[in-house]
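Colleague: Show me how the following folds:
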Amino acid sequence: MLRKNIIFFALLLLMPFFVLAQGYQLPKGEKFQKIKFELINNLIIIPVEINGTELTFILDSGVSKPILFNLSESDSIPINNVSEITIRGLGGGEPMKALSSKNNAFKLGEARNYSQDLYVVLDRGINFSTSLGIPVHGIMGYDLFRDFVVEVNYSSQKLKLYDPKKYKYRDRRKTQTIPLTIEKRKAYVEGTVLMKDTANVPVKLLVDTGSSDALWLFPAPEKGLEIPEKNYEDHLGRGLSGDIFGKRSKINGVRIGDFELDEAKVAFPYRESFQGIDSLGDRNGSLGGEVLKRFNMVFDYGRGLVTLKKNGNFKDPFQYNLAGIDLQHNGLRYIAESIADVNGIVKDDGNDTFGNVQILLENKTRLSLVPEIVVSGIRAGSPAAEAGLQEGDVILAVNGRKVHKYKLQEILKMLNEKEGKRVRVLIERYNRDLMFTFVLKKMFDDD
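Modeller: Numbers count the residues shown, from 1 in each chain. Modelled structure (predicted):
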């Protein structure tokens, strides 16, 4: 039964265009629809309405069909024409049970699809919200890119969905349009990686807006894709089928079209994380959000083209987890704060607690319900690990700043600001407050 369901899922992914439903449509007479998105940890977070319920999705160009997950008891989302299947995604885990649902109504702005297929993952352990700091209910990608010319403006954090029949290419300064290959509902570009001590290596890369990382390469010494001598083992992320681990390093650069990024961050994922993929074919790796966000882009799947224009992020240095800490939300906690100064005068700092519930007590103390931030992972040999931090530690403050006043990604930035910076972290462990101090070290020595 398991084998049959997996085969059935694979057949769905290979269905030709002419048997697909009508797809997305713009309101009559409109040339495009504009949608505002949030850019969190290099990921595009968009509002989506499904069968009348407002949800939040990651725009993932690497996913074939929308996948819905992270549903709580309070969520009420009607879905249509349901059958049970088994699916497998990236990660080293086992296949998981899911529901296949047809003929659902999707709405993005005023763009609508009344016959959208989707999958619902039943495993409650699949939850990206805790690591992003906002509710995220699913991922979607290919169907949107198939039906529109999609402009992704990372600078202004806006999408434009154009009617392909009405979209016109214009000669624009400092842009380049290059071929985009669509295979099995995924998009690929040709590029070149500048490896250390070897010739430049041509590569075929998956365009993956659903990856927050920069560049993934599959080791292939016979092609010149060797893991650099200076590397470290790291947790690279989480897929639908579990955690993904590999080696992290840097290379001299990566070139896409005429654009070249120097000293590029690269990861070499272990092959067992890709056991759910029948064949990688001639693919050599992936381009993720930390590279893609350096461009404003126009994806034209129908014509097999992508247009690139570098933006203000282009020269930003690549970000490493210098502290070696992963954080996540872990429910809520109460904190007590004085709201009066030394003279007993009630003060207003004008800085509302992020997502709080407040109770004012008679002794001028404010009791607030705020997100609890915990250490969800720690890299062996990292500055934080050597200082004594542990998984499960509750983060209270970083460099004197109380973390409940900040979003999760802002806290991570405090912990990884720059090499050589001294970081002080106040944590709670077994009802005791402890202070740890460490210095952020260079990940790789200069050659």
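Colleague: contacting residues for the nearest residue to Gly246 once chain neighbours are set aside?
Modeller: What sits nearest to Gly246 in space, not counting adjacent residues and going by C-beta to C-beta, 6 or more residues apart in numbering, is Pro269, at 3.9 Å. Glycine gets a C-beta too; all of them are placed from N, C-alpha and C. Residues near Pro269 by C-beta atoms under 8 Å, 6 or more residues apart in numbering: 216, 218, 236, 244-246.
Colleague: Tell me the buried residues within the residues you listed.
Modeller: The neighbour-count test (16 or more other C-beta atoms under 10 Å) marks 216, 218, 236, 244-246 as buried among those.
Colleague: Just put these in CSV and tack on secondary structure and pLDDT.
Modeller: Formatted as CSV, the buried ones among the contacts of Pro269 follow (DSSP: H, G, I helix; E, B strand; the rest coil; pLDDT from 0 to 100):
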residue, secondary structure, pLDDT
Trp216, strand, 96
Phe218, coil, 93
Leu236, strand, 87
Ile244, strand, 87
Phe245, strand, 90
Gly246, strand, 92
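Colleague: so where do the strands sit in the stretch 151-300 of the chain?
Modeller: 158-162, 176-179, 181-183, 186-194, 201-207, 215-217, 232-239, 242-256, 259-269, 285-287, 295-300 (DSSP state E, counting those that start in this stretch).
Colleague: With just CA atoms, put the first one into CSV.
Modeller: Extracted as CSV, the C-alpha positions of strand 158-162 are listed here (Å, rounded to 0.1, in the frame of the first residue of the first chain):
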residue,chain,number,x,y,z
LYS,A,158,6.6,43.2,-3.4
LEU,A,159,5.4,40.6,-5.9
LYS,A,160,3.8,41.5,-9.2
LEU,A,161,1.8,38.8,-10.9
TYR,A,162,1.5,39.6,-14.7
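Colleague: Okay, now the sheet partners of it, with direction.
Modeller: strand 32-36 (antiparallel), strand 149-153 (antiparallel) (DSSP bridges).
Colleague: Could you point out the helix or strand that follows the first one?
Modeller: The helix or strand immediately downstream of strand 32-36 is strand 38-40, counting by DSSP states H and E.
Colleague: who touches the helix or strand following that following strand?
Modeller: Toward the C-terminal end, the helix or strand that comes next after strand 38-40 (DSSP H and E) is strand 43-50. In this structure, residues lying in contact with strand 43-50 by C-beta under 8 Å, 6+ apart are 35, 37-39, 54-59, 68, 77, 79, 104-108, 118, 132, 134, 136, 138, 140, 152, 159, 209-210, 212, 289.
Colleague: Strand 149-153 and strand 43-50, what's the angle between them?
Modeller: Between strand 43-50 and strand 149-153, the angle comes out at 130 degrees (axes from the mean of the first three to the mean of the last three C-alpha atoms, to 10 degrees).
Colleague: For strand 43-50, what does the pLDDT average out to?
Modeller: The pLDDT scores in strand 43-50 average 96.
Colleague: now could you export just the CA positions of that strand as CSV?
Modeller: C-alpha atoms of strand 43-50 as CSV (Å, rounded to 0.1, in the frame of the first residue of the first chain):
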residue,chain,number,x,y,z
LEU,A,43,12.3,33.6,2.7
ILE,A,44,9.3,35.2,1.0
ILE,A,45,6.2,35.1,3.2
ILE,A,46,2.9,35.8,1.4
PRO,A,47,-0.7,36.0,2.5
VAL,A,48,-2.9,33.4,0.9
GLU,A,49,-6.7,32.8,1.3
ILE,A,50,-7.8,29.1,1.0
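Colleague: What strands line up against it, and which way round?
Modeller: strand 38-40 (antiparallel), strand 53-59 (antiparallel), strand 96-108 (antiparallel).
Colleague: Is it possible to get a markdown table of those that adds distance to Glu222, mean neighbour count and mean pLDDT?
Modeller: Shown next, in a markdown table, are the strands paired with strand 43-50 (distance: least, C-beta to C-beta, whole Å; neighbours: other C-beta atoms under 10 Å; pLDDT from 0 to 100):
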| stretch | distance to Glu222 | mean neighbour count | mean pLDDT |
| --- | --- | --- | --- |
| strand 38-40 | 38 | 16 | 95 |
| strand 53-59 | 35 | 19 | 94 |
| strand 96-108 | 35 | 19 | 88 |
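Colleague: Arg283: which of those strands is closest?
Modeller: strand 53-59 (20.8 Å; C-beta to C-beta).
Colleague: ok, back up a step: out of the strands paired with strand 158-162, deepest packed?
Modeller: When these are scored by mean count of other C-beta atoms under 10 Å, the highest mean neighbour count falls to strand 149-153 (a mean of 21).
Colleague: looking at the chain, which helix or strand is least sure?
Modeller: helix 2-13 (a mean of 34; mean pLDDT, DSSP states H and E).
Colleague: What count of nearby residues applies to the nearest residue to Val425 once chain neighbours are set aside?
Modeller: Leaving aside its chain neighbours, Val425 sits nearest to Phe436 (5.0 Å; criterion: C-beta to C-beta, 6+ apart). Phe436 has 17 neighbours, counted by other C-beta atoms under 10 Å.
Colleague: so Phe436 is in which element?
Modeller: strand 432-439.
Colleague: Send me that strand as CSV with only the CA atoms.
Modeller: Extracted C-alpha coordinates of strand 432-439, given in CSV (Å, rounded to 0.1, in the frame of the first residue of the first chain):
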residue,chain,number,x,y,z
ARG,A,432,18.3,29.8,37.6
ASP,A,433,19.5,32.9,35.7
LEU,A,434,23.0,32.4,34.3
MET,A,435,25.2,34.8,32.3
PHE,A,436,27.5,33.5,29.5
THR,A,437,30.1,35.5,27.5
PHE,A,438,31.8,34.6,24.3
VAL,A,439,33.6,36.3,21.4
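Colleague: Flag every buried residue along that strand.
Modeller: Residues 436, 438 are the ones in strand 432-439 that count as buried (16+ other C-beta under 10 Å).
Colleague: which stretches of the stretch 301-447 of the chain form helices?
Modeller: 383-387, 408-415 (DSSP state H, counting those that start in this stretch).
Colleague: what about those, which gets the closest to Ile126?
Modeller: helix 408-415 (18.4 Å).
Colleague: contacts for stretch 192-202?
Modeller: Residues contacting stretch 192-202 (C-beta under 8 Å, 6+ apart): 190-191, 203, 215, 217, 223-226, 228, 251-255, 260, 264, 266, 447.
Colleague: Would you mind measuring the gap between the ends of it?
Modeller: 4 Å (C-alpha to C-alpha, to the nearest Å).
Colleague: Quick one: mean pLDDT for that stretch?
Modeller: 86.
Colleague: same thing with stretch 120-139?
Modeller: Computed over stretch 120-139, the average pLDDT equals 81.
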